[in-house]
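A.B. asks: I'd like to go over a predicted model; first the sequence, then the structure.
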Amino acid sequence: MKIVARGIEKSFADKRGRRQPVLGGLDLEVAPGEFVCLLGPNGCGKTTFLNLLAGFALPDGGEIMVDGRPVTGPSPHRVMIMQSYDLFPWRTVLANVEYGLEMQGWDRQRRRQKARELLALVGLAACEEQHPGELSGGMRQRVAIARALAVEPRVLLLDEPFGALDSLTRSRMQQELLRLWREREMTIVFVTHDINEALNLADRVAVLPSRPGAFRELVSIELPRPRELRDPACLALRDRVERLLA
């Protein structure tokens, strides 16, 4: 397995200093090249779990392994993309994509060539000298994806990356992500609260409970892509997931 999480527990202190559980006893295994969506209501711990996978925080209990090694901190092999894009507004699009390679010590010529290849891959080759503030939300998210791909991560973690986009742009970005996933053969864990998004993207959907506990169910989406969400099989899966979230 690419990712193995066993017995994951996490709590945070409230304003009175009392520990409030967020995750309680989560188990998850993700195969190499699998696309898994974490689905659940607001406040159920989806982002907390993703942060633990990224190594931004450590669990209070349990263990997370990636490629057979325990996660003890961040790694360029596990890259996280958030809804806020986190691009540097003072850097050009090209310089933003170069950033991770620059931190790894790549020389200017090599990192520029790599960044340009990735901008072409996400359809933004003509925008390399622009700044993030000059781009639409969908374009900024493609820059963020190109920057993440630059360091060739083994695992891509996405925290509701398309949540702020309009429905048309969101649909296009979902298809773009699926294309890149197939081409790069990445393992992806994707957080969403949108059932249709999960059904459109995932190989499996891990449904989190509203209160700390184990996943309610891991739902396999054994439908060919591209998926038609009005197809009876997809509608049946939607009903099943809705019942799990009720």
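C.D. replies: Okay, I see it.

A.B. asks: Quick check: mean pLDDT of the longest helix anywhere in the chain?
C.D. replies: Scanning the chain for the helix with the most residues, using DSSP state H, yields helix 167-184. The average pLDDT within helix 167-184 is 88.

A.B. asks: The helix or strand just after that helix packs against which elements?
C.D. replies: Using DSSP states H and E, the helix or strand that follows helix 167-184 in sequence is strand 187-192. Strand 187-192 is packed against strand 35-39, helix 46-54, strand 155-159, helix 195-201, with contacts defined by 3 or more CB pairs under 8 Å, 6 or more residues apart in numbering; DSSP states H and E. All C-beta spots, glycine's among them, are computed from the backbone N, C-alpha and C.

A.B. asks: Buried residues of the third one, list them for me.
C.D. replies: Pointing back at strand 155-159 there. For strand 155-159, burial by neighbour count (16 or more other CB atoms under 10 Å) applies to Val155, Leu156, Leu157, Leu158, Asp159.

A.B. asks: Go ahead and confirm the second one touches Ile81.
C.D. replies: Yes - between Leu156 and Ile81 a contact is recorded at 7.1 Å, counting by CB atoms under 8 Å.

A.B. asks: Just the pLDDT at the one residue sitting closest to the centre of the chain, thanks.
C.D. replies: Among the residues of the chain, Leu158 comes closest to the average C-alpha position under CA atoms, centre = their mean, at 1.6 Å. pLDDT, Leu158: 95.

A.B. asks: Show me how far stretch 177-194 is from its chain's centre.
C.D. replies: In terms of CA atoms, centre = their mean, to the nearest Å, the centre of stretch 177-194 is found 7 Å from the chain centre.

A.B. asks: Kindly apply the preceding question to stretch 37-48 instead.
C.D. replies: Mean-position distance between stretch 37-48 and its chain equals 12 Å (CA atoms, centre = their mean).

A.B. asks: Could you pull out the buried residues of that stretch?
C.D. replies: Quick answer for stretch 37-48 (16+ other CB under 10 Å): Cys37, Leu38, Leu39, Gly40, Cys44, Gly45, Lys46, Thr47, Thr48.
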